[in-house]
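A.B. asks: Model the following, please.
(chains A and B)
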Amino acid sequence: MFTINNRRCAASALIGTSLLLTSSMVMASPSDGPISRAEFEKMQREMSSLREELAALKKADALQKTPPSDSKVSQGGPARVKSSGADTRLETPAISALKTEIKAVREMVEETKAGETKFVLTGGASSVFSAPSHGTSKFDAAFSPILLWHINDRLLFEGEVEYELNDDGTNSTKTNLEYAQLSYLLNDYVTIGAGKFLSPMNIFVERYEPKWINKLPDTPLAIYDGILPESHVGAQVRGIIPLGSARVNIAAYVSNAPSTDSNGSLEFDNFKPAASNGKAVGGRVGFMPCQYLEIGYGLQQSNVRLDGDPSATDYNSLLQSVDLSTSFEKANGRFALQSQYAWSHVGSKADFGVNANRSGGYAQVSYRGKKWSMDFLNHLEGIIRVDRMTQPDPTAIDAFNEKRVTFGLDYWLTARTVLKTAYELDRQNNGHAGSNSILLGVATGF
Amino acid sequence: MKMRNILAIFVLFCGAPSMRAGGNSSEKVEGDKVWSVACQQCHNRPNPASYSNAQWDVIMHHMRVRGNLTGMEARAVLEFIKDAK
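C.D. replies: Next up, the predicted model:
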């Protein structure tokens, strides 16, 4: 392997050789004797070859200084930048040694930049305008900074706080600790973590919810703010089992138990002193037959009590979910399918007067242009999502079942900045008027 | 019988979109393959030049945990990203 030391040696050798060459020229022309024609021509030849080399070096240096454009890299990946014709035409051993040296120096400079070695401040910001057919239209905004702290090669702290606007007319801001987790890499395959972490059972929250990742301006029914938990306070272990070209992703956790309301609907605000001393145990197994397809099954079991009533009886609760996601390139673009369906059961009919069974989920298909000759098309993404949520007995518990179909069209300004437009058809039952909405959003990750 | 059909569908599906996926655990993990397949499963790939090498070290630790990458994959893709800048 060509190590940094070898590269340095090569570069020093190059510089040394040029010095030797120059000094030999000087020595070959003693000041007190006449120069022969042969000597003069030899010198001329050497001079012109040196001139050529210098011109090539200058050109290579200029190329190095030109940064790759955003769109070039985001569309074709770095490989395109590396294999540009101009680079390979000029590639001589001397230039590549010099390039390597420049790169090593650059890396050294980067690594000594203050404040950048362990912390990264990242996250996202978004704004959404919604205009429902029944009701008032409004603007909304949110900002969620994330602090990543690479304590050492095994320990990582990740924390996210979301600032949202309260829609209760108080002109105030809601702050929510989305996650605050310390994780430890046990080995190449297993990680353990503790703190407040995103629910491993809820892959929408873990993978697709950040505003610059979620392709639609809003979130799917049942999966977000519905049947499934979004986060847990507890501990988790995650592992990867490679099986040839397939693999299995496993996550298991124990956390504070949720509580229930009088309709048998689970409340996941599990960081407050729990109504019961109970704990929830859950996890997810994801099977990946290949790298771009994953099928998962998750479950969570816990004993729950009525919210705010520490003396009440425990009810058994079971949550389950299945998910399927894939993303691959085809037909000049990238297709993605995200889907998850969840169902829950709490207590018995005698406990709540109804069978407290809820279910719901979503499926979303999208297509993003990638390789169209008209570049405008490579910034567009079309999305269709269907989602639904079914309540136990809407009339008995004064609730409603809901179904929606959402059509979206996004324009990606950069890999992490997007303008979103969507039209949402909404149907509700039990006397509730579903409202069709126009949604417009902008989101960025930083 | 049913199970065999389901497995056959997966195998066909996985073979269809592109044969570049690879990922056999007995092979050497290649950073460019992780970059072109795994890094696009959840979101668009950012420009490698948007972060310094030191920032990439931290981010890759984050993605290793969040994105279910093995240590080998994380190291290989990190090297690839730094090289591509």
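
A.B. asks: Contact partners for residue A:235?
C.D. replies: Contacts were defined as CB atoms under 8 Å, 6 or more residues apart in numbering or on different chains; by that measure residue A:235 touches A:192-194, A:253-255. (Glycine included, C-beta is placed from N, CA and C.)

A.B. asks: Oops, could you answer that again for residue A:400 instead?
C.D. replies: Taking CB under 8 Å, 6+ apart as the criterion, residue A:400 is in contact with A:391, A:394, A:428-432.

A.B. asks: burial of whichever residue of chain B sits closest to chain A, as a residue count?
C.D. replies: Distances between chain B and chain A by CB to the nearest CB are smallest at residue B:84, namely 2.8 Å. Look at residue B:84: counted by other CB atoms under 10 Å in any protein chain shown, it has 20 neighbours.

A.B. asks: hang on, the earlier thing: just the buried ones from the contacts of residue A:235, in ChimeraX syntax?
C.D. replies: Restricted to the buried members of the contacts of residue A:235, where burial is judged by 16 or more other CB atoms under 10 Å in any protein chain shown, the ChimeraX selection command reads as follows:
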select /A:193,194,253,254,255
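
A.B. asks: pLDDT on stretch A:106-118, on average?
C.D. replies: Within the predicted structure, the mean pLDDT of stretch A:106-118 is 61.

A.B. asks: again, but for stretch A:376-392
C.D. replies: Taken as a whole, stretch A:376-392 carries a mean pLDDT of 97.

A.B. asks: Tell me the buried residues in that stretch?
C.D. replies: Buried positions in stretch A:376-392, judged by neighbour count with 16+ other CB under 10 Å: A:378-379, A:381, A:383, A:385-392.

A.B. asks: Export that stretch to PDB, keeping only CA atoms.
C.D. replies: Written as PDB, here are the backbone C-alpha positions of stretch A:376-392 (Å, rounded to 0.1, in the frame of the first residue of the first chain):
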ATOM      1  CA  PHE A 376     -34.800  20.500 -14.200                       C
ATOM      2  CA  LEU A 377     -36.300  17.000 -14.100                       C
ATOM      3  CA  ASN A 378     -33.500  15.800 -11.900                       C
ATOM      4  CA  HIS A 379     -34.600  18.100  -9.100                       C
ATOM      5  CA  LEU A 380     -38.200  16.900  -9.100                       C
ATOM      6  CA  GLU A 381     -39.700  14.200  -7.000                       C
ATOM      7  CA  GLY A 382     -43.300  12.900  -7.200                       C
ATOM      8  CA  ILE A 383     -44.900  11.200  -4.200                       C
ATOM      9  CA  ILE A 384     -48.100   9.400  -3.500                       C
ATOM     10  CA  ARG A 385     -49.000   8.300   0.000                       C
ATOM     11  CA  VAL A 386     -52.100   6.500   1.400                       C
ATOM     12  CA  ASP A 387     -52.600   6.400   5.200                       C
ATOM     13  CA  ARG A 388     -55.300   5.400   7.600                       C
ATOM     14  CA  MET A 389     -56.200   5.100  11.200                       C
ATOM     15  CA  THR A 390     -59.000   2.900  12.700                       C
ATOM     16  CA  GLN A 391     -60.300   3.400  16.200                       C
ATOM     17  CA  PRO A 392     -62.000   0.700  18.300                       C
END
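
A.B. asks: which one of the buried residues of stretch A:376-392 is nearest chain B?
C.D. replies: Checking these against chain B with CB to the nearest CB, the nearest one is residue A:381 at 9.6 Å.

A.B. asks: bridging residues for that closest one?
C.D. replies: Beta bridges link residue A:381 to residue A:368, residue A:410 when assigned by DSSP bridges.

A.B. asks: Show the contacting residues for it.
C.D. replies: Residues counted as contacts of residue A:381 (CB under 8 Å, 6+ apart) are A:215, A:366-369, A:408-412.

A.B. asks: Go through stretch B:66-75 and flag the buried ones.
C.D. replies: B:66-75.

A.B. asks: The residues you listed also near chain A: which ones?
C.D. replies: Of the entries in the buried residues of stretch B:66-75, those that also sit close to chain A under the rule CB under 8 Å from any CB of the partner chain are B:66, B:68-72.

A.B. asks: Which ones among these lie within helices?
C.D. replies: Helix and strand membership here follows DSSP state H; of these, those in helices are B:66, B:71-72.

A.B. asks: picking that back up, can you add distance to residue A:187 and pLDDT and give the ones next to chain A among the buried residues of stretch B:66-75 back as a markdown table?
C.D. replies: What follows is those, written out as a markdown table (distance: CB to CB, whole Å; pLDDT from 0 to 100):
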| residue | distance to residue A:187 | pLDDT |
| --- | --- | --- |
| B:66 | 18 | 96 |
| B:68 | 14 | 95 |
| B:69 | 13 | 96 |
| B:70 | 10 | 96 |
| B:71 | 7 | 97 |
| B:72 | 11 | 96 |
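
A.B. asks: Is whichever strand or helix holds residue A:120 in proximity to chain B?
C.D. replies: Here residue A:120 is covered by strand A:119-132, with elements defined by DSSP states H and E. Yes: counting by CB under 8 Å from any CB, contacts between strand A:119-132 and chain B involve A:119-120, A:122.

A.B. asks: and of those residues, the nearest to chain B?
C.D. replies: Each of these was scored against chain B by CB to the nearest CB, and residue A:120 proved nearest at 4.4 Å.

A.B. asks: Which strand residues bridge that closest one?
C.D. replies: Applying DSSP bridges to residue A:120 gives these bridge partners: residue A:148.

A.B. asks: tally of neighbours for it?
C.D. replies: Residue A:120 is flanked by 23 other residues according to other CB under 10 Å.

A.B. asks: Please tell me I have it right and it contacts residue B:55.
C.D. replies: Yes: contact criterion CB atoms under 8 Å: residue A:120 and residue B:55 qualify, at 5.1 Å.

A.B. asks: From the chain's centroid, how far away is stretch A:228-238?
C.D. replies: Distance, stretch centre to chain centre, for stretch A:228-238: 18 Å (CA atoms, centre = their mean, to the nearest Å).

A.B. asks: Put the alpha carbons of that stretch into CSV.
C.D. replies: Once side chains and other backbone atoms are set aside, the C-alpha atoms of stretch A:228-238 remain, and they are given as CSV (Å, rounded to 0.1, in the frame of the first residue of the first chain):
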residue,chain,number,x,y,z
LEU,A,228,-46.7,3.7,17.8
PRO,A,229,-44.3,5.3,20.3
GLU,A,230,-41.9,7.9,18.8
SER,A,231,-39.3,7.6,21.6
HIS,A,232,-38.4,5.7,24.7
VAL,A,233,-36.6,6.5,27.9
GLY,A,234,-34.6,3.4,28.7
ALA,A,235,-31.8,1.3,27.2
GLN,A,236,-31.4,-0.5,23.9
VAL,A,237,-29.1,-2.9,22.2
ARG,A,238,-28.8,-3.0,18.4
